[in-house]
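# Got a predicted structure here, sequence first:
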Amino acid sequence: MKNLKIFSLLLLTLTFVFSSCSKDDDDTPGTGTKKVQYKLIGSTGVNISVIVYYDGDNPVSKTGNFGSEWTSEANISSKTPTISANAIGPNDNSTLKAQILVDGKVVKESGVSTGKVLTTNVSYY
């Protein structure tokens, strides 16, 4: 009876291992390309100054005065959808957050950064 339980447990484990190894699984980190759009949202008076995200396999870095909201071009292809940003707010109540959108819907959102010096990042995985 003990051997039957061990055999059943081994068989069940192998079933999960083989079923999770599908080549068509695009949600596995590092595999498959996602078409995404990135969005940064700051409160009134926030100035986003540094943005880093992935486009394809390459990081893209932008610096400037982007104001309190920034949205990337639509449908960026990336195997590692990730965005980071820095901003300066006018007071301690200033906020900044990042979003990753797929087909126009938010699929990941960062926590809200608060203060005069703001930083945020979010990854799809």
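Looks like it came in fine. Everything quoted here is computed from the prediction, not taken from an experiment. Numbering: from 1, shown residues only.
# going forward, measure contacts between C-alpha atoms and count neighbours the same way
Will do.
# Next up, the contacts around residue 90.
45-46, 116 (CA atoms under 8 Å, 6 or more residues apart in numbering).
# That one looks like it's in a strand, true?
No. Read with DSSP: H, G, I helix; E, B strand; the rest coil, residue 90 is coil and lies in no strand.
# Could you report the separation of it from residue 116?
According to CA to CA, to the nearest Å, residue 90 and residue 116 sit 6 Å apart.
# Also residue 101?
27 Å.
# Among those two, which residue is more densely surrounded?
For residue 101 and residue 116, the more surrounded residue by other CA atoms under 10 Å is residue 101, and the numbers stand at 19 against 16.
# Wait, the more buried one touches residue 123, no?
No. Applying CA atoms under 8 Å as the test, residue 101 and residue 123 come out as separate, 11.1 Å apart.
# which neighbours do those two share?
Common contact partners of residue 101 and residue 123 (CA under 8 Å, 6+ apart): residue 108.
# and the helix or strand where residue 51 lies, what other elements does it pack with?
Take DSSP states H and E as the rule and residue 51 turns out to sit in strand 47-55. If contacts are counted by 3 or more CA pairs under 8 Å, 6 or more residues apart in numbering; DSSP states H and E, strand 47-55 sits against strand 58-63, strand 76-78, strand 82-88.
# now that strand: how far from the chain's centre is it?
13 Å (CA atoms, centre = their mean, to the nearest Å).
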